[in-house]
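Novice: this is a predicted model, with the sequence first.
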Number of protein chains: 2
Amino acid sequence: MPPYLITTTTTITVKQLVGRTAVTIAITIEKMSGLLSSSPVPLEPRKAPHVLTIAGSDSGGGAGIQADLKTIEAFGCYGTSVLTGLTAQNTKGVQAVHAVPSDFVIQQLQSVIEDEPPIAVKLGMLTSASTIRALASYLPKLDCTTVLDPVIISTSGHHLLPEDAVEALYDLFPYVTFLTPNIPEAIRLSRTNTKETELKGLADMLQLAKDTQLKTGAKTVLLKGGHGKVSREDVLQYAGQYEIVWEEGDEEADTVDVLTEYRSTLGLKVEKDLVVDILVTGEEVVALFVGRKVDSSSTHGTGCTLSSAIASAYATRRKKDVPAGKDIEVFKRAISYTQSAIASAFSFGHGHGPLNHAHLTARRALPPPTKHNPHPFLTHLIQSNLPLWKSYVRHPFVVQLGNGTLPRECFEHYIKQDYHYLKHYARAHALGAYKANTLAEIQAFSEIALHVARESEMHVAYCAQFGISRAELAATAESSPCAAYARYVVDIGTQGDILDVYMAVASCLVGYGEVGLWLKKQVEEGNAVLEGNLYKKWMEDYCGAEFLAAVNRGIENLERRVAEDPPSPEKLARLTAIWHECVRLESRFWDMGLNLIH
Amino acid sequence: MPPYLITTTTTITVKQLVGRTAVTIAITIEKMSGLLSSSPVPLEPRKAPHVLTIAGSDSGGGAGIQADLKTIEAFGCYGTSVLTGLTAQNTKGVQAVHAVPSDFVIQQLQSVIEDEPPIAVKLGMLTSASTIRALASYLPKLDCTTVLDPVIISTSGHHLLPEDAVEALYDLFPYVTFLTPNIPEAIRLSRTNTKETELKGLADMLQLAKDTQLKTGAKTVLLKGGHGKVSREDVLQYAGQYEIVWEEGDEEADTVDVLTEYRSTLGLKVEKDLVVDILVTGEEVVALFVGRKVDSSSTHGTGCTLSSAIASAYATRRKKDVPAGKDIEVFKRAISYTQSAIASAFSFGHGHGPLNHAHLTARRALPPPTKHNPHPFLTHLIQSNLPLWKSYVRHPFVVQLGNGTLPRECFEHYIKQDYHYLKHYARAHALGAYKANTLAEIQAFSEIALHVARESEMHVAYCAQFGISRAELAATAESSPCAAYARYVVDIGTQGDILDVYMAVASCLVGYGEVGLWLKKQVEEGNAVLEGNLYKKWMEDYCGAEFLAAVNRGIENLERRVAEDPPSPEKLARLTAIWHECVRLESRFWDMGLNLIH
C-alpha cells in the first residue's frame, strides 16, 4: 500500500483498452513539494528559569529548602539552594538545630551566583543575626527579585529565629521585593501593639498589611490571612474598592447552585470561613485573594511553599510592563498552588503532614526529542514489539520481491488489493483534514489525500503493464485482509481525534520506507537484484528521494505531535496498541499477496 | 433543550388530532435508573512512596540531596533527606566543604525514621569515617532497601571521601541492597590491582563487577560503565549468555534503517560507542544494560541521580515475587531516566552542567478533585467566564418563565425548536457510544440517547397541551440559533475524541440543572411563582430529583475523565473554548425564544 508515492518528473505511458479502443495515456506526476513541510522539531530543551532558595533544611522533607526545591521543580524552574541551618525535624516538631556558619552561607551563595545568577531568590529561615547581616551586605550586589518569608516560628511552634536576628531583618528589608508574613509575624514586624486576638475582621487586617509594608520598607507585602477567619459579607463590602480575586470562585454566589448540589450529594459541605491574603504595594492595597479555608492538618511548610511558589511564578512570568508587586497573576498562581497542595495532601507522619507538592505534575511517558534521540516516539513504537515489526518489514513477500522470485500472480493480487487500500488511505487523510483545526493542517492532509488519489493512477499504470485493465481493477472484490486493514484505519480515525488519524496512517508510511531502504541495501550487498527484476520500479520507488522525504516528514509530524502534547502512560499505551494493530494488519496484507487470500 | 428529562412514574394523557380523528395518547415514562451510574470519583490522593536520601548538599542544585530530591519527585515519590555534609559548589567544582557532625546525622535520621519509615534509602556522599560507622550501626535496625552510591570523587575531580572513610564503607556494605559504583570506584572497592586503562573490553568489566560484589558483600552491584567504551560486537558476543537490555533498541540492527535515515536528514549521527552497565546479584550476572553514549557535558550529579532513581523506581514497583536484584525493570527505568535526563539537559553554569531532572514531568492544568474542591474542572469552566455563564443561566427568558410573564408564543417557539435540538442531542450521545471503547460506556451513552429520544415524546405531549400537533412540530423549520448550536455539538463530537463529546453535551445538562435549582429557590423566596404558572411542569421537571441525579452523574463523569487523564494547559484551553461556545449558543437559544428568531 504505497503512500505518498510521487517521483519528481516521471512520465509513464500506458496503453489501455477503453471499450474496444486502445488508448495511450501519458501520466506525468509533478514534484511533491511542500507536502506537510514544517519547521523541524526543536531538539534543544528550553532552559528552566533559575530560582535560588536561601533557607534551612527540614530532614522531614516538608518544609525548608526541601519544600522550596519541590515547589520550584513543580513550577518548571531550576532550583539551587544555600543552607543557613539544618534541623532534625519531622511532622511532629523540630528535634534539633545545627547552625551553618555565616561565612559558609556566603561561600555557598558565591558559588551559586558566580556560576549562574538566579532570576528570583527566596529567603526563608535565616537562623542567626550574623547570617542575616552578611546577607544584607551581599544582596545589594545582586540585581534580582527577592521573596522573604520571615520564618520566626515553625508550624509546630518551634522558635526558629532569636530576637536579635528578628531585629537584624530590618537591615535586609530594603532589598526585599516581596515580604510574606503571616498575621503573628506581621504584628511582630510592624511593631504594632495589637494582639492577634484583638484583630477585628478585614479592616484591621488591611491596616496591619499597610503598617507592615510601611514599617519594614519591603516593596510589597503579602499578608497571609491563614490565621484569621473572614466572612463573605466582610469581603463583599470591599468589592468596589479593591480587586477581589476568588481562588475558586465565590461558591456562595447564586450562579453555582449546581456545584453546591453536587457537593452535597457527596456528603461534603461548603466551608463558610474564608481566608483572605492581602497584597500591598507602595502603601496601596492591590488585591485581596479570597479562598475557602481548607480543613486539613497537612500544613507543615505552607509558608515555605507559598514564598517559593511566588519566586517561581514570578521567574516563569516576568512581565516588563507590569510592576512586580502589581502582577496579580503571580500571586494568584502561587496561592492557588499552595491551597490545592494542602487540599490534595496525603497522610504522612504523625503530626502536621507535608503538602502535596507534586499535585500539579503529571508523568510523561516519553522523553522529549533530543539530538541524542530525535525520534523517541517511533523508537518506542518499534521497540515495543520488535518481532511484530520484523514480521512486517522483513516479510517473505518482500524478500521474494527483492530477489525476483515472487510469483507474478502474487504481486498482481497484491497490487489490485492495494488499489482498493489506497482509496481508503486517501479517505483517511481527507478525514485528517476534517479533524484538523488549522488551515495549514487541513492543507497538509488534503495534499496527501490528493497525492494518494493521483498515486492510484500509477497503480492503474502498473496494472496495465501486467495486463490488468482499469475496469478489471475497479471490479476486483476487496479481500478480507485489505478490508480489515483499510476499514480499521478509517474507523480509528473516525473514532478518535486527529492524533489517532496520524497513528492509523503511520505504520504504512514508515514501514514502506523501511522496506525500500532495506531492499536497496540488499541490492548493494548482492542479496537482491534490481536489473531484470519484474518489480524493479516498485523497489526504486520506495527508496527514492521523494518517498523518503515524505517518510521523514511523517516521522517529524508524529514526533512533534507527541512532543507538544506529551501523552500520559495510559494514552501512550492506547496509541501503541493502534500502531501494533496496524503493523499486524500490514503483515497480513503481505500474507494475502503471498498466499492469494481473498 | 431539556436533556435526561425523565420523571419516575409520570403518565401524561394527551389528545391529538390524527387527520381529523382525535386520538388520546397516554405516555408513561419509566424510572431513569442506572443511567451512567458509576463509582464515585476518588477524592483521597494516592500516598507517594517514601524515599529517604542520606547524602551531602550541592548548593548548585545538580548533585547531592538536591539531585536526589528532584529525582525522587520526578518518580512520583515523597523525598526526605539527611545531610551528612554541605558543599559550596557549582558546575565548575567544589569550592568548600562543611562537615555535619556524625551525631547530628543520626539525629536527623532518627527524626525521619521515627515519624514515617522509608521504603527505600539512598546513601550518597557520607563525608567521614565516623558518620559511616554511625550509619553502619544504625542501618541494621532499619528493615528497608538501601542503595549506596559510593561517592569518592566528584564529576569535577574533587575528593569527597578520605581514605579512612573509604575503608569504613566495608562496615556498611553488608546492609547495602544495591551498590552502584562506576569503574574507578569498583576498582578501588574490589581491591583489584588493575588500573582503569588496563581494562580490556566487556570481559574485564564483567569480572570487575563480579569481584566488586564478592569483595564488598553488597547483595547486588550495578557497575556503571560510563567511563568505558564498548563496541556493539563486544556486546553481541554475550547475546546468548546474559540478558541484554538495549536502552533505546539496537539502532544498528537492520530493521530500523528508517530511523537512521531520519536522523541523518537532521544532520545527526548514530553514536557508535556504547555504554554498558552490568548488574550482578549473588555472583551471577543478571543483565547488561546497553545504551549509546550521550555526547554531553551536562553530567554533574549523574551518579546521585541514577542511585536515587533506582531507589525511587524500586519504591514504586516493589514486587514480592521477584528478588530485588533481579527486577530488571527497576534498573531499566532508572538508567533510562538518567540517560534521557543527560540528553535533555539545558545549558546551566560554566562547567559540567546539571541533568534535566524534570524532563519526564508535565504540568497538569488542573488540581485533582479533593474533598475541598470535588469539582475542579467544572469550577474552572464556570469561573473562566462567569459573565458568559450568567448570561445563560440567568437569561431574561428564564426569569420571565419563572414569574409567569413569558409570552406564550415565545415558549411555543422555544419548545418547538427544542424538539429539533433534542434529536441532535440524542445523535450526539449515539456518537458518544460510537466513540466509546468499552461496552459499559457504549451502554451508558446509548441509554442517554434512548432516553432523550423518549423525552422528545414528552415534548410532543407538551406541544399538544399548547395546541401544537405532532405534524406541525415535525414540519417546523430549524431556526438558525437551533441549527447553529445543535450542529456545533455534533460536529465537535465528530471532529474530536470521546472527551470532546462529553464537553459538547455538558453545558446543556449542567446549565439546565442550574436553572432548575435557581427557579426553585426563586419560588421559595417569592420571586417566582409555581401555582397557576403556565410553565409549572417545565420548572418542576428541572429541579426534580431524577433530573438532578442525571446532572450529578454528568458532573461526576466529566471530573473523572479529566482526573484520570489530566489535560495539559493547551488541551484545557481547547476544552474550555468548547464549553464557552456551547454556553454562548445556549444563551442565543433563549434569545431565539424571547425574540422569536427564526
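Specialist: Yep, that arrived. Residues are numbered from 1 along each chain as shown, chains lettered A, B, ... in the order given.
Novice: so where do the strands sit in the stretch 101-250 of chain A?
Specialist: With DSSP state E, counting those that start in this stretch, the ranges of strands along the stretch 101-250 of chain A come out as A:120-123, A:145-148, A:178-179, A:220-223, A:243-246.
Novice: quick one: buried residues of the last one?
Specialist: What it means is strand A:243-246. A:I244, A:V245, A:W246 (16 or more other CB atoms under 10 Å in any protein chain shown). The C-beta positions use only the backbone N, C-alpha and C, and glycine is treated the same way.
Novice: returning to what we had before: closest to B:T84 out of the strands of the stretch 101-250 of chain A?
Specialist: Closest approach to B:T84 among the strands of the stretch 101-250 of chain A is made by strand A:120-123 (24.4 Å; CB to CB).
Novice: how close does A:D171 get to chain B?
Specialist: 23 Å (CB to the nearest CB, to the nearest Å).
Novice: how deep is that residue tucked in, by neighbour count?
Specialist: If you count neighbours by other CB atoms under 10 Å in any protein chain shown, A:D171 ends up with 15.
Novice: who touches it in this structure?
Specialist: Applying CB atoms under 8 Å, 6 or more residues apart in numbering or on different chains, one finds that A:D171 lies in contact with A:I132, A:R133, A:A136.
Novice: dump those residues to CSV, plus pLDDT and neighbour count.
Specialist: Converted to CSV, the contacts of A:D171 look like this (pLDDT from 0 to 100; neighbours: other CB atoms under 10 Å in any protein chain shown):
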residue, pLDDT, neighbour count
A:I132, 97, 24
A:R133, 96, 18
A:A136, 96, 18
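Novice: can I get those residues in JSON lines including distance to B:F397?
Specialist: Listed next are the contacts of A:D171 as JSON lines, based on distance: CB to CB, whole Å:
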{"residue": "A:I132", "distance to B:F397": "64"}
{"residue": "A:R133", "distance to B:F397": "68"}
{"residue": "A:A136", "distance to B:F397": "64"}
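Novice: want to throw the residues you listed into JSON lines with distance to chain B?
Specialist: JSON lines is the format used below for the contacts of A:D171 (distance: CB to the nearest CB, whole Å):
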{"residue": "A:I132", "distance to chain B": "18"}
{"residue": "A:R133", "distance to chain B": "19"}
{"residue": "A:A136", "distance to chain B": "20"}
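Novice: out of the residues you listed, the closest to A:F289 would be?
Specialist: For the contacts of A:D171, the residue nearest A:F289 by CB to CB is A:I132; the value is 28.4 Å.
Novice: skipping its backbone neighbours, what lies nearest the closest one in space?
Specialist: Excluding its sequence neighbours, the residue lying closest to A:I132 (CB to CB, 6 or more residues apart in numbering or on different chains) is A:A168, at 4.0 Å.
Novice: that neighbour and chain B, how far apart?
Specialist: With distances taken as CB to the nearest CB, A:A168 is found 22 Å from chain B.
Novice: I'd say that residue and A:L135 touch.
Specialist: No. Counting by CB atoms under 8 Å, A:L135 is not a contact partner of A:A168; they are 9.3 Å apart.
Novice: looking at the two, which has the bigger crowd around it?
Specialist: A:L135 (26 against 21).
Novice: residues contacting that one?
Specialist: Counting by CB under 8 Å, 6+ apart, A:L135 touches A:I54, A:V105, A:I106, A:L109, A:L123, A:L126, A:L172.
Novice: where does it land on pLDDT?
Specialist: pLDDT, A:L135: 96.
Novice: Three-state assignment for A:H350, please.
Specialist: coil (DSSP: H, G, I helix; E, B strand; the rest coil).
Novice: contacts only, for it.
Specialist: Counting by CB under 8 Å, 6+ apart, A:H350 has contacts A:N90, A:T91, A:K92, B:D115, B:E116.
Novice: re earlier: dump the buried residues of strand A:243-246 to JSON lines, plus pLDDT.
Specialist: Output for the buried residues of strand A:243-246, formatted as JSON lines (pLDDT from 0 to 100):
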{"residue": "A:I244", "pLDDT": "95"}
{"residue": "A:V245", "pLDDT": "95"}
{"residue": "A:W246", "pLDDT": "92"}
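Novice: pipe these into JSON lines and attach distance to B:P569 per row.
Specialist: What follows is these, written out as JSON lines (distance: CB to CB, whole Å):
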{"residue": "A:I244", "distance to B:P569": "25"}
{"residue": "A:V245", "distance to B:P569": "19"}
{"residue": "A:W246", "distance to B:P569": "21"}
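Novice: closest one of those to chain B?
Specialist: A:W246 (7.5 Å; CB to the nearest CB).
Novice: I figured the closest one hits A:G291, correct?
Specialist: Yes. Assessed by CB under 8 Å, A:W246 is found in contact with A:G291 at 7.5 Å.
Novice: the residue nearest to A:H158 when sequence neighbours are not counted in helix, strand or coil?
Specialist: Counting by CB to CB, 6+ apart, A:H158 lies nearest to A:V94, which is 4.0 Å off, once chain neighbours are set aside. Three-state call for A:V94 (three-state DSSP): strand.
Novice: and for A:V94, the neighbour number?
Specialist: Neighbour tally, A:V94, other CB under 10 Å: 21.
Novice: so what's it bridging to?
Specialist: A:Q89 (DSSP bridges).
Novice: mind checking how far it is from A:K224?
Specialist: A:V94 sits 21 Å away from A:K224, going by CB to CB, to the nearest Å.
Novice: what does A:V82 give?
Specialist: 24 Å.
Novice: and for A:I578?
Specialist: On the measure of CB to CB, A:I578 and A:K224 end up 49 Å apart.
Novice: between those two, which one's more packed in?
Specialist: Under the neighbour definition other CB under 10 Å, A:I578 and A:K224 were set side by side, and A:K224 has more, 26 against 22.
Novice: beta-bridge partners for that one, please?
Specialist: Bridge pairing for A:K224 - DSSP bridges - gives A:N182.
Novice: quick one: contacts for it?
Specialist: A:T180, A:P181, A:N182, A:I183, A:D277, A:G303, A:L306.
Novice: could you identify which of those has the most neighbours?
Specialist: A:L306 leads the contacts of A:K224 on contacts (other CB under 10 Å) with 29 neighbours.
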